[in-house]
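Enquirer: Curious how this folds, go ahead:
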Amino acid sequence: MSDLSAFPINQRWPAQHPDRIQLYSLPTPNGVKVSIMLEEVGLAYEPHLIDITANETWGPEFLSLNPNGKIPAIIDPDGPGGQPLALFETGAILIYLAEKTGQLLSADPATRYQTIQWLMFQMGAVGPMFGQLGFFHRFAGRDYEDKRPRDRYVAESRRLLGVLETQLDGRDWIVGDYSIADVATLGWVRNLIGFYEAGEIVGFKDFPRVAAWLERGLARPAVQRGLEIPARH
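Expert: The predicted model follows:
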């Protein structure tokens, strides 16, 4: 039986199955990257719902796992050398889980690094820009009289969709085969046109390859399951 007692987060969210990967998350565009990945690769895991609206990520227990105070994070009780490993940052987690299972990240060096570059594209561009657009279009920022911030993120989000549109020319998935690059990006594009209600303002109809890619991704059973994990109470 794995012993996770050394991790303070276990005091707040105790593991019922300490031999499984512990996932601390919420089904946001960032959170679902890891739940989708875990569903895709078939690893046993135990999800814990972290309520960001109640500032649970800023308590000492969660900060002991991720000092940046953001979901998701994991503890793998069977990490390298059989020792527990705690990880935050979704890019790092996706690469780790891909390497642990030998899935969704090519063993071919060139394809591997091409996949990682598109993962970084999501991390450094798609996520931050779409998230800012969501703030200025759907949430508190929409009441700002000055629309220049919103328009800046609209233009940049549209540009990024164009980059994806070009990359998907002749491809079903971002790097040919379905990979962690797709896992990382699906939830963000879904959120942009769904929860953020920004499909019209970015002209999503102008990106038919992205729309078809999103439809293919959302049809995957593992994606459908992962989008709802952890279940909201």
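Enquirer: Give me the pLDDT for the spatially closest residue to Asn30 that is not a sequence neighbour.
Expert: Closest residue to Asn30 apart from its sequence neighbours, by CB to CB, 6 or more residues apart in numbering: Thr90 at 5.6 Å. From N, CA and C alone the C-beta is placed, and that goes for glycine too. Thr90 is assigned 98 on the pLDDT scale.
Enquirer: Thr90 is in contact with Ala184, isn't it?
Expert: Yes. Between Thr90 and Ala184 there is a contact at 6.7 Å, judged by CB atoms under 8 Å.
Enquirer: Now do the strands in this protein.
Expert: Counting by DSSP state E, the chain has strands at residues 21-25, 45-49, 73-76, 85-88.
Enquirer: what angle separates the second one from strand 21-25?
Expert: Think strand 45-49. Inter-element angle recorded for strand 45-49 and strand 21-25: 20 degrees (by axes from the mean of the first three to the mean of the last three CA atoms, to 10 degrees).
Enquirer: Show the average pLDDT along stretch 172-191.
Expert: Here stretch 172-191 scores 98 as its mean pLDDT.
Enquirer: Next, the buried residues of that stretch.
Expert: Neighbour counts over stretch 172-191 (16 or more other CB atoms under 10 Å) mark 173-175, 178-191 as buried.
Enquirer: quick one: which of those residues sit in helices?
Expert: Under the assignment DSSP state H, those contribute 180-191 to helices.
Enquirer: now these as a markdown table including distance to Arg220?
Expert: Listed next are those as a markdown table, based on distance: CB to CB, whole Å:
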| residue | distance to Arg220 |
| --- | --- |
| Ile180 | 14 |
| Ala181 | 14 |
| Asp182 | 9 |
| Val183 | 10 |
| Ala184 | 14 |
| Thr185 | 13 |
| Leu186 | 9 |
| Gly187 | 12 |
| Trp188 | 16 |
| Val189 | 14 |
| Arg190 | 12 |
| Asn191 | 17 |
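Enquirer: Report the two of these separated the most.
Expert: The two members of those with the most space between them (CB to CB) are Ile180 and Asn191, at 18.1 Å.
Enquirer: related to what we said a few turns ago, deepest of the strands of the chain, which one?
Expert: Of all these, strand 21-25 has the most neighbours on average by mean count of other CB atoms under 10 Å, namely a mean of 25.
Enquirer: Contacts made by that one with the rest, please.
Expert: Strand 21-25 has contacts (CB atoms under 8 Å, 6 or more residues apart in numbering) with 4, 9-10, 13, 15, 31-32, 34-35, 38, 43-50, 62, 65, 71-77, 229-230.
Enquirer: who does that strand pair up with?
Expert: Using DSSP bridges, the strands paired with strand 21-25 are strand 45-49 (parallel), strand 73-76 (antiparallel).
Enquirer: Now mean pLDDT too, for those strands, in a markdown table please.
Expert: What follows is these, written out as a markdown table (pLDDT from 0 to 100):
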| stretch | mean pLDDT |
| --- | --- |
| strand 45-49 | 98 |
| strand 73-76 | 98 |
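Enquirer: Minimum distance to Glu156: which of the ones you listed has it?
Expert: Closest among the strands paired with strand 21-25, using CB to CB: strand 73-76, at 28.1 Å.
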